[in-house]
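Engineer: could you work out the structure for the sequence below:
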Amino acid sequence: MKADVRKSILRLAVGALAIVATLALPGRAAAQSHYSANISVGARAGADISRNFFNPSVKQVMKAGALAGVTFRYIEENHFGLAAELNWIQRGWSENFEGAPYHYARTLDYLQLPVLAHIYFGRRAKFFANVGPLIALRISDSESCNFDTSDTSSLPDFPKWHSVAQYAEPITQRIDYGICAGLGGEFSITPRHSITLECRFYYGLGNLFGSSRRDTFNASNSMALEFALGYWLRVK
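Structural biologist: Predicted coordinates for the structure are as follows:
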């Protein structure tokens with residue numbers, strides 16, 4: 001069932017990109033006759049909240065992290081362009097013990113490369129949408145907890161219903177991939193300088209842990225909501 005959901009989401013993402021491309025193509029020739037290409041570079045920074053979808057489930061709350069990156073954007077037509085980013089981002093999960101005096105959080109640092117279709121409307125103040133795939137490389141992994149994860153049975157008040165299988169599972173997958181979509185606003189300061197504010201959703205299609213029939217978890221993919229402030233410098 002989980003695989004079917006992922007395939008459906010992936011098909012929707014591919015369909016959305018195909019629709020965007022189809023809508024942009026008819027006006028391409030006309031746009032080239034009166035629109036000068038726009039190339040911009042910039043940076044973005046902000047925060048995100050994330051969690052993991054585990055099957056079997058693990059009780060969680062959203063985990064806060066940080067993000068920062070450099071950006072490139074190419075706009076050849078009115079209302080449509082392409083953007084690419086190289087971001088450092090923190091994702092992971094924080095577990096919910098429902099009042100018990102325990103804390104556990106896992107922080108995963110990634111370098112991620114999104115490639116996005118960029119659709120915008122407006123001039124000095126613009127509304128925009130970004131959508132596309134991304135791939136990410138895990139560069140670090142750390143735990144924060146106040147108990148011995150290898151010996152929870154010795155803790156008399158440890159919740160018996162709380163999953164502990166994830167503590168013994170090594171994170172073998174260094175590569176993550178998924179789709180993201182965001183909405184935001186861009187505000188021009190001068191003809192060459194602008195700032196942006198964006199909210200973006202990410203859904204991972206890869207698993208952190210092994211997901212074969214012999215593995216503990218059938219699924220362990222991530223989800224994140226990002227909030228970022230950005231800056232663009234037009235170089236052409």
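
Engineer: show me where the protein has strands.
Structural biologist: Secondary structure of the chain (DSSP state E): strands at 38-55, 60-61, 63-77, 80-95, 104-122, 125-145, 175-188, 193-204, 219-234.

Engineer: buried residues in the last one, which are they?
Structural biologist: Residues 219-224, 226, 228, 230-232, 234 are the ones in strand 219-234 that count as buried (16 or more other CB atoms under 10 Å). C-beta: built from backbone N, CA, C; applies to glycine.

Engineer: so where's the protein shaky on pLDDT?
Structural biologist: Applying pLDDT under 70 to the chain picks out residues 1-35.

Engineer: contacts only, for the spatially most central residue of the chain.
Structural biologist: Nearest to the mean C-alpha position of the chain, by CA atoms, centre = their mean, lies Tyr202 at 3.5 Å. Applying CB atoms under 8 Å, 6 or more residues apart in numbering, we find Tyr202 in contact with 134, 178-180, 222-226.

Engineer: likewise for Gln173?
Structural biologist: Gln173 neighbours (CB under 8 Å, 6+ apart): 138, 206-209.

Engineer: okay, those residues in CSV with distance to Phe127 next?
Structural biologist: Formatted as CSV, the contacts of Gln173 follow (distance: CB to CB, whole Å):
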residue, distance to Phe127
Arg138, 34
Gly206, 31
Asn207, 35
Leu208, 35
Phe209, 39
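
Engineer: next one: the residue nearest to the centre of the chain from Ile179, what distance?
Structural biologist: 8 Å (CB to CB, to the nearest Å).

Engineer: and if you look at Tyr104?
Structural biologist: Tyr104 sits 28 Å away from Ile179, going by CB to CB.

Engineer: can you check Asn55 too?
Structural biologist: From Asn55 to Ile179 the distance is 20 Å (CB to CB).

Engineer: higher neighbour count, the two?
Structural biologist: Using other CB atoms under 10 Å as the criterion, Asn55 and Ile179 rank with Ile179 on top: 21 against 15.

Engineer: residue with max distance from the center of the protein?
Structural biologist: Distance to centre of the chain, CA atoms, centre = their mean, peaks at Pro156 (38.3 Å).

Engineer: which residues touch it?
Structural biologist: By CB under 8 Å, 6+ apart, Pro156 has no neighbours at all.

Engineer: before we move on, the earlier item: who wins for proximity to His162 among the strands of the chain?
Structural biologist: Among the strands of the chain, strand 80-95 comes nearest to His162, with 7.4 Å by CB to CB.
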